[in-house]
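Peer 1: Please work out how this folds:
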Amino acid sequence: MSVSPTSAGRPVPERRLRVAVVGCGTQAQLAHIPALRLNPSVEVTALCDTDVRKVNQLCAIHKIAKHYVDFDDLKEDEAIDAVVIATPNHLHAPMAVAAMRYGKDVLCEMPLGLNAAEVEQMMSWAQREKRKLMPAMNTRLRPDIQTIRRFVEGGELGDLYYCKTGWLQGRESWSLSGWRGERLRAGGGAFLSLGTALLDASLALLSPHRPVSVIGAAHHRSPHAEVEDTAFAMIRFEPDVMLTVEVGWSMLQERDLTFLNLFGNAGAALLNPTQIHKEMHGHLVNVTPQITARDVQRSSWRMLTDLWVDSLVRGTPVPIDASEALMVSRLADAFYRSRSTHSEVPLTSVES
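Peer 2: Predicted coordinates for the structure are as follows:
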């Protein structure tokens, strides 16, 4: 998309970026559409969903001119520059590839593909078609995660050695009905669906340490369930860092629990609520700064959208490369292989 410079040297688009949102579920309604509409460089040109009543209603609410119930029609629309894909997991890869083949850049929900092989195929098509493919890894952009990351980068927590994270939902808050309960369409259970966001944040905080192996275990509440509803993973990083991940959506508990605890030899950082402590002169001191964002999740979606749009307008590389999503998929593949073989799985075996 062509741009022209301003007097301040910042390029502005000669016309707004024409974006369509594919899949109009909760994520699109609460995250993608509002964030896109707040960006002055974007025109939300069309919505696409198989539920014609829902897509008509959303178009009326947001004053969006076009709607589609068939993605095959949308992908051929030359008046659309880019698409946001927020459909069920099994549609991410085929829709992203099709959109790129028809000349459209893509922001795609996580998990990017059902497995690493699908993500590699998506990346190959992006390179072949010279299109930009960006995973919607927004969790790392939350203001609280960014605050902790600054402490890590500044060496204020010392050498990291342990991170534990989890998302444990009560039985009433999550349903296995519909596509989430079907392995072929969901691609996996609790680990893939809930663990993705946790891995997004954990990988960002533990960087540049790289994961090397996974031990996974899972529980099926119903013997007839095709996907796990509880999962536990131990992920070993080089040189000697450990990450544990706990996820579940059928826990017998009154409240949902989400946590991320990061430990170094000079301090620790905890989420929900954010607390950062450092050892200073033999004492543990609370050094938690004030985080002004009222809604960290909404703020992360706004930042993700703005970064993606800016890269398309400027013609610069996307700020979150698809290789980051590929690592998440490799970890998921290793988890499911470990669960089935009851053994530790090195990532090299998953990559080969």
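
Peer 1: in the chain, which ranges drop under the pLDDT threshold?
Peer 2: Judged by pLDDT under 70, the chain has its weakly predicted residues at 1-14, 172-187, 352.

Peer 1: quick one, domains of it?
Peer 2: According to automatic domain parsing, the chain comprises the domains 3-136+301-318, 140-289+328-351.

Peer 1: For those domains, please prepare TSV with the additional fields distance to Asp295 and mean neighbour count.
Peer 2: Backbone N, C-alpha and C define where each C-beta goes, glycine included. Formatted as TSV, the domains of the chain follow (distance: least, CB to CB, whole Å; neighbours: other CB atoms under 10 Å):
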stretch	distance to Asp295	mean neighbour count
domain 3-136+301-318	9	19
domain 140-289+328-351	10	18
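
Peer 1: Could you say which helix or strand holds Met134?
Peer 2: strand 133-135 (DSSP states H and E).

Peer 1: repeat for Leu312
Peer 2: helix 296-314.

Peer 1: hang on, the earlier thing: in terms of secondary structure, what does the strand holding Met134 contact?
Peer 2: Secondary-structure packing of strand 133-135 (3 or more CB pairs under 8 Å, 6 or more residues apart in numbering; DSSP states H and E): strand 105-108, helix 116-129, helix 322-341.

Peer 1: in its sheet, what does that strand sit against?
Peer 2: strand 105-108 (parallel) (DSSP bridges).

Peer 1: Can you name the residues that contact the most centrally placed residue in the chain?
Peer 2: The centroid of the chain falls nearest to Met137 when counting by CA atoms, centre = their mean (3.1 Å). For Met137, the contact set (CB atoms under 8 Å, 6 or more residues apart in numbering) comprises 110, 200, 304, 320, 324-325.

Peer 1: would CSV of the residues you listed with distance to Thr348 be doable?
Peer 2: Output for the contacts of Met137, formatted as CSV (distance: CB to CB, whole Å):
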residue, distance to Thr348
Met110, 24
Asp200, 22
Leu304, 31
Ile320, 24
Glu324, 19
Ala325, 19
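
Peer 1: Can you tell me which of the residues you listed is nearest Val84?
Peer 2: Ranked by distance to Val84 (CB to CB), the contacts of Met137 are led by Leu304 at 10.2 Å.

Peer 1: mind listing what the residue nearest to the closest one when sequence neighbours are not counted touches?
Peer 2: Leaving out its chain neighbours, the residue that sits closest to Leu304 by CB to CB, 6 or more residues apart in numbering is Asn138, at 4.3 Å. Neighbouring residues of Asn138 by CB under 8 Å, 6+ apart: 31, 200, 297, 300-301, 303-304.

Peer 1: doesn't Ala93 make contact with Leu114?
Peer 2: Yes. Between Leu114 and Ala93 there is a contact at 7.0 Å, judged by CB atoms under 8 Å.

Peer 1: Please enumerate the strands of the stretch 201-350 of the chain.
Peer 2: Along the stretch 201-350 of the chain, the stretches classed as strands by DSSP state E, counting those that start in this stretch are 211-219, 230-237, 241-251, 257-264, 267-270, 275-280, 283-286, 345-346.

Peer 1: Okay, now the sheet partners of the second one, with direction.
Peer 2: Pointing back at strand 230-237 there. In its sheet, and by DSSP bridges, strand 230-237 pairs with strand 211-219 (antiparallel), strand 241-251 (antiparallel).

Peer 1: neighbouring contacts of it?
Peer 2: 189-191, 195, 206, 209-219, 221, 242-251, 331, 335, 338-339.

Peer 1: send the alpha carbons of it over as PDB?
Peer 2: Taking C-alpha atoms only, strand 230-237 is exported to PDB below (Å, rounded to 0.1, in the frame of the first residue of the first chain):
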ATOM      1  CA  THR A 230      -6.900 -30.900  32.200                       C
ATOM      2  CA  ALA A 231      -3.300 -30.700  31.200                       C
ATOM      3  CA  PHE A 232       0.100 -30.300  32.900                       C
ATOM      4  CA  ALA A 233       3.400 -29.700  31.200                       C
ATOM      5  CA  MET A 234       7.000 -29.300  32.300                       C
ATOM      6  CA  ILE A 235       9.100 -27.500  29.700                       C
ATOM      7  CA  ARG A 236      12.900 -27.400  30.100                       C
ATOM      8  CA  PHE A 237      14.800 -24.400  28.700                       C
END
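
Peer 1: For that strand, what is the distance to the chain centroid?
Peer 2: Chain-centre distance of strand 230-237: 18 Å, with CA atoms, centre = their mean, to the nearest Å.

Peer 1: between that strand and helix 322-341, how big is the angle?
Peer 2: Relative orientation of strand 230-237 versus helix 322-341 (axes from the mean of the first three to the mean of the last three CA atoms, to 10 degrees): 120 degrees.
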